[in-house]
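Undergrad: how would this look folded up:
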Amino acid sequence: MAVLVAGGAGYIGSHTAVALHEAGREVVIVDNFSNSSPKAVDAVRALTTDSMAMVEVDMLDSGGLARVFRDHDIDEVIHFAAYKAVGESVDKPLDYYRNNLGSTIGLVEAMVEAGVSKLVFSSSCTIYGQPSVIPVTEAAPTGAESPYGWTKYMSEQILSDAAAAVDLDVVLLRYFNPVGAHESGTLGEDPNGIPNNLVPFVMQVAVGRLEKVMVFGGDYDTADGTAVRDYIHVVDLAEGHVAALDALAGEISGCTAVNLGTGVGHTVLDVVHAASAAVGSPIPYEVVDRRAGDIEKIYAHPACAKEVLGWSSKRDLADMMRDHWNWQRQNPNGFT
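TA: Numbers count the residues shown, from 1 in each chain. From the prediction side, this is the model:
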């Protein structure tokens with residue numbers, strides 16, 4: 001039996017494929033490489049086994065998905081495959097709705113047809129918007145601030161409705177801000193173009209690909225005036241997906257939402273300074289005006305993950321920056 005990892009060549013998916021292998025599971029990676037590289041699969045195989053299955057197929061290709069289930073003995077699924085740039089989603093909302101919702105619906109249809117009932121879905125803390133109460137629990141009001149966020153919100157609703165109607169058990173993992181890399185330095189985040197997220201931007205400044213970090217907003221009501229987020233090591237996050245599958249094999253049924261975060265908030269400048277310590281020299285930055293759509297502060301209440309999944313984060317901000325820098329310095333231009 002095997003786990004189908006949809007979007008398994010991406011940043012989080014590739015690290016999860018490694019964690020699944022280390023936990024003794026057989027893995028089948030599915031990806032269309034629209035936002036990832038085949039070299040990520042090579043890196044995963046180098047860390048695990050040359051025989052790890054990889055199928056290049058678009059998640060909107062129902063025939064291709066059906067063949068994956070026919071050709072492989074799949075009994076569990078993790079769904080990462082999605083467009084994920086918030087700004088781009090505002091410019092191309094129909095692309096995001098078509099891809100992200102269509103892939104979720106198509107994958108569930110293929111699962112039902114194949115008799116597979118266990119699914120872990122890659123959701124996001126973006127569905128909380130700017131929460132009124134922090135730390136954020138799973139009971140907090142949900143919504144969205146962008147088409148990307150709405151696709152996560154709507155996908156959760158689709159999966160909740162499907163779980164109530166057919167033989168489907170789902171864990172919705174609402175995770176916060178993944179950073180870091182595999183400790184080997186051979187697998188990490190390789191965004192297309194200029195990074196949208198803070199840490200890969202910071203690290204590209206550190207290797208000289210970009211001039212300086214633009215810190216959006218220095219007048220928030222936070223310790224140093226910059227926005228606060230809950231950063232989580234991607235390996236911790238990957239291990240959380242393994243824990244979610246283990247929980248689905250146990251007592252969990254229906255549709256269950258779980259936050260994956262550390263429960264600790266760090267400001268943007270905390271991250272810049274921690275990255276500078278990991279690099280060994282100051283990383284230049286400039287504080288500029290706030291960016292439209294950004295929220296001031298969010299971090300998780302991690303109790304549910306501990307109770308439901310038996311999972312909690314192990315790695316701190318210094319570990320995250322050390323491992324991310326180890327990846328970036330060994331691969332200054334990513335997988336190219």
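Undergrad: any idea of the pLDDT on the closest residue to Ala66 other than its chain neighbours?
TA: Across the structure, with Cβ to Cβ, 6 or more residues apart in numbering as the measure, the residue nearest Ala66 apart from its sequence neighbours is Ala110 (5.7 Å). To be clear about C-beta, it is placed using only N, CA and C from the backbone, and glycine gets the same treatment. Reading off the per-residue confidence, Ala110 sits at a pLDDT of 98.
Undergrad: ok, Ala110 touching Ser62?
TA: Yes: using Cβ atoms under 8 Å, Ala110 is in contact with Ser62, at 6.9 Å.
Undergrad: quick one: which of those two has more around it?
TA: Legend: neighbour count by other Cβ atoms under 10 Å for Ala110 and Ser62, higher for Ala110 (24 against 16).
Undergrad: tell me who's in contact with that one.
TA: Counting by Cβ atoms under 8 Å, 6 or more residues apart in numbering, Ala110 makes contact with Ser62, Leu65, Ala66, Val68, Phe69.
Undergrad: and it, how far is that from Asn331?
TA: In this structure, Ala110 lies at 34 Å from Asn331, with Cβ to Cβ, to the nearest Å as the measure.
Undergrad: wait, which of the contacts of Ala110 is closest to Ile134?
TA: Among the contacts of Ala110, Leu65 lies closest to Ile134 (Cβ to Cβ), at 39.1 Å.
Undergrad: tally of neighbours for the closest one?
TA: Leu65, neighbours per other Cβ under 10 Å, totals 25.
Undergrad: CA atoms of the longest helix along the chain as CSV?
TA: Counting by DSSP state H, the longest helix found in the chain is helix 147-165. In CSV, the C-alpha atoms belonging to helix 147-165 read as follows (Å, rounded to 0.1, in the frame of the first residue of the first chain):
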residue,chain,number,x,y,z
PRO,A,147,-8.8,34.5,-4.2
TYR,A,148,-6.0,32.1,-3.0
GLY,A,149,-7.4,32.2,0.5
TRP,A,150,-10.9,31.6,-0.7
THR,A,151,-9.8,28.5,-2.6
LYS,A,152,-8.5,27.1,0.7
TYR,A,153,-11.7,28.1,2.4
MET,A,154,-13.9,26.6,-0.3
SER,A,155,-11.8,23.5,-0.6
GLU,A,156,-12.3,22.9,3.1
GLN,A,157,-16.1,23.2,2.6
ILE,A,158,-16.1,20.9,-0.4
LEU,A,159,-14.2,18.3,1.6
SER,A,160,-16.4,18.7,4.7
ASP,A,161,-19.5,18.2,2.5
ALA,A,162,-17.9,15.2,0.7
ALA,A,163,-16.9,13.6,4.0
ALA,A,164,-20.6,13.8,5.1
ALA,A,165,-21.9,12.2,1.9
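Undergrad: and the contacts of it?
TA: By Cβ under 8 Å, 6+ apart, the list of residues contacting helix 147-165 reads 82-86, 88-90, 93, 96-97, 100-101, 104-105, 108, 119, 121, 123-124, 126-127, 129, 142-144, 168-170, 172, 254-255, 257.
Undergrad: what segments of this structure are strands?
TA: In the chain, the strands defined using DSSP state E lie at 2-6, 26-31, 53-56, 74-79, 118-124, 169-175, 177-179, 213-216, 228-229, 231-233, 255-260, 266-267, 285-288.
Undergrad: before I go, just wanted to say thanks for your time.
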